[in-house]
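Undergrad: model this:
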Amino acid sequence: MKLTSKQILKELRIRIGKLKTDDRFLSEAVLCAEFNISRMTANKINNQLVTEGFLYRVKGSGTYVKTPHATQQAIRVLLPCPDYFLFDCTYDMRLLLAGMLEKSMLTDMRIQAVPVSKVNNPQKIDWDELEDFNSETIVIVGGFWFKEIFPFLRKRKCKVIFCDFQANTETDYPKYFSNWTMFTKKCLKLFRL
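TA: Residues are numbered from 1 along each chain as shown. Predicted coordinates for the structure are as follows:
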């Protein structure tokens, strides 16, 4: 059975967790042969692992394992769709994400955007994107657009941070979660330069 790119990434993250810092990682040719994938797919998978902070590249030498802390789970920021930043992203959300990315470059924190619907429709959630969420997963949720996902996040016992800049009240969130944090517009000053 041929694995999907997501399944290959999951397998490789587990393998990387067992390696030491600066160990040489599999070449694209080895990935192609082992998983029966194209060179372009192997390159995309390596790029994703580099972006997530699991690996780093040395030009002319290869791909290597980053320090062990880089294999910790990322803070997952739920997005309505892959092209969210092009059309629907608010200024406040852009400011928050830009600040988080800047802070992540200075610390061990990793940020991972997770588009939960291919078509920006809360009734058409791509549940495969969420399959590895668990009790250790920190999830940033931008308001009630994601209401369909709340039972799933509660069942998986994820740590949830709500970023609802338009909310006038916080009273609706306790209906879904007993343990949660609210990030409001006032909190944005933490990320301003």
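
Undergrad: which residue lies farthest from the center of the protein?
TA: Gly60 (29.1 Å; C-alpha atoms, centre = their mean).

Undergrad: Name all residues that make contact with Asn47.
TA: Under the criterion of C-beta atoms under 8 Å, 6 or more residues apart in numbering, Asn47 has no contact partners. Backbone N, C-alpha and C define where each C-beta goes, glycine included.

Undergrad: 57 is where my numbering starts, stick with that
TA: Sure, I'll start numbering at 57, so the last one becomes Asn103.

Undergrad: Is it in a helix, a strand, or coil?
TA: With DSSP: H, G, I helix; E, B strand; the rest coil as the basis, Asn103 sits in helix.

Undergrad: for Cys145, same thing?
TA: On the three-state scheme (three-state DSSP), Cys145 is labelled coil.

Undergrad: now it: how far from Pro207?
TA: 26 Å (C-beta to C-beta, to the nearest Å).

Undergrad: Settle it for me: which of the two has more neighbours?
TA: Cys145 (15 against 10; other C-beta atoms under 10 Å).

Undergrad: roughly how far apart are the more buried one and Gly198?
TA: Look at Cys145 and Gly198: by C-beta to C-beta, they are 9 Å apart.

Undergrad: before we move on, what about Leu134?
TA: 7 Å.
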